[in-house]
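Asker: no sequence for this one, just the structure:
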C-alpha cells in the first residue's frame, strides 16, 4: 500500500490551489485534511483544494459523466465544500493538460455548479464559459467598520455581494467576513467584492472569499463584478445584442470578462502549474486525529 499521495500546486492570477489527482475517488479528504493541506505554514499552502476525480467515480458527478469525463471536487481553504471556483476551473484544465488527459482546444469539466465549457489556447490563456449570472431581487448592503455601501446580489453558481467603493482600502483587512445585510439573502454565506473604477469598462477589486478569507483573485467574483458594473453603467447585452467586455484587475493579475447577448459569460486568464510532489500519509494521519 502506498504511503504517499501525489499532489500538484497551481495558480490562476495568484489564486492558488493544491491539486490532488484521484481518478477513482479513493482519497479521503475530510474538512480537517483539506484545511491542513491549505495551511501556508504547516501544510502545502493554498486558497483551496482541487480534487481531480473522474465524473463516473463520484456520486455528485455521475449524472454529468456523459458530458464531462472529469469532475472538479472543489473545497475551500477551511475544508468546506463550494459550488464553483472560476480560477480553479482554469487551473484544473491546465492540470488535465499537464497530466496528458487533454490537449489544446475545447473540453468540458463537471462542477457542482454544472458542466463548464473550457478552451485551452495556444498562448497559454484559458477561457471558461461560466454560464449565466442570476440577479436576485432585493436590496443588500455591506459594512466595514463605520462605513456601509449598497451591494449588488449576483449569483454565479455561488453567491456574491458586489459593492462599489471610492478606495479599495475601505475594504479593511478582510481577515473576517464583512457583515452583509440582510443575512437571510445569503443563508450559506457569501463572497464579498469591493470594486473601484480604473477606466472605461475597466475595474479593480478586492475580495473576501467565503471559507478562504481575502484571496489574490476570484474568478466567479470577477464575473459577478463585470455584470454588476455593466448594469450600473446601463449595459445589458441581452437588450443591445452586443457583447460587453470588462477588464477586471485583481491583486494577482488581470482577467477579461465578456457577457454575451445570450447571457453566457466568458472568463479569460492565465493558469499555471508550478510544482508537483507527494504528500506523506503519515503526516495526514496526524492531522486527522
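Answerer: Great, that's in hand. Keep in mind that what you see is a predicted model, and the values were worked out from it rather than measured.
Asker: how many other residues sit next to the closest residue to residue 232 other than its chain neighbours?
Answerer: Closest residue to residue 232 apart from its sequence neighbours, by C-beta to C-beta, 6 or more residues apart in numbering: residue 164 at 6.8 Å. C-beta coordinates here come from the backbone N, C-alpha and C atoms, glycine included. Using other C-beta atoms under 10 Å, residue 164 has 19 neighbouring residues.
Asker: show me what residue 164 is bridged to.
Answerer: When bridges are called by DSSP bridges, residue 164 pairs up with residue 195.
Asker: low-confidence stretches in the chain?
Answerer: Applying pLDDT under 70 to the chain picks out residues 1-3, 289.
Asker: so where does the closest residue to residue 181 other than its chain neighbours fall, helix or strand?
Answerer: Nearest non-adjacent residue to residue 181, counting by C-beta to C-beta, 6+ apart: residue 141, 5.2 Å away. Following DSSP states H and E, one finds residue 141 within strand 140-144.
Asker: just checking, what packs against that strand?
Answerer: strand 147-155, strand 159-164, strand 180-181 (3 or more C-beta pairs under 8 Å, 6 or more residues apart in numbering; DSSP states H and E).
Asker: next, the angle strand 147-155 makes with it.
Answerer: With axes from the mean of the first three to the mean of the last three C-alpha atoms, to 10 degrees applied, the angle from strand 140-144 to strand 147-155 works out at 130 degrees.
Asker: begin at 38 from now on, thanks
Answerer: In the new numbering, first residue 38, that becomes strand 177-181.
Asker: Provide the strand pairings for strand 177-181, with the direction of each partner.
Answerer: strand 184-192 (antiparallel), strand 217-218 (antiparallel).
Asker: quick one: that strand to chain centroid distance?
Answerer: 22 Å (C-alpha atoms, centre = their mean, to the nearest Å).
Asker: angle of that strand against strand 196-201?
Answerer: 70 degrees.
Asker: which of the helices and strands packed on strand 177-181 is buried the deepest?
Answerer: With neighbours defined as mean count of other C-beta atoms under 10 Å, the helices and strands packed on strand 177-181 peak in mean count at strand 196-201, which reaches a mean of 25.
Asker: hang on, the earlier thing: tell me which residues in the strand holding residue 178 are buried?
Answerer: 177, 179, 181 (16 or more other C-beta atoms under 10 Å).
Asker: now stretch 94-104
Answerer: 95, 98, 101, 102.
Asker: the second one touches residue 92, doesn't it?
Answerer: I take that to be residue 98. Yes - at 4.0 Å, residue 98 and residue 92 qualify as touching, with contact defined as C-beta atoms under 8 Å.
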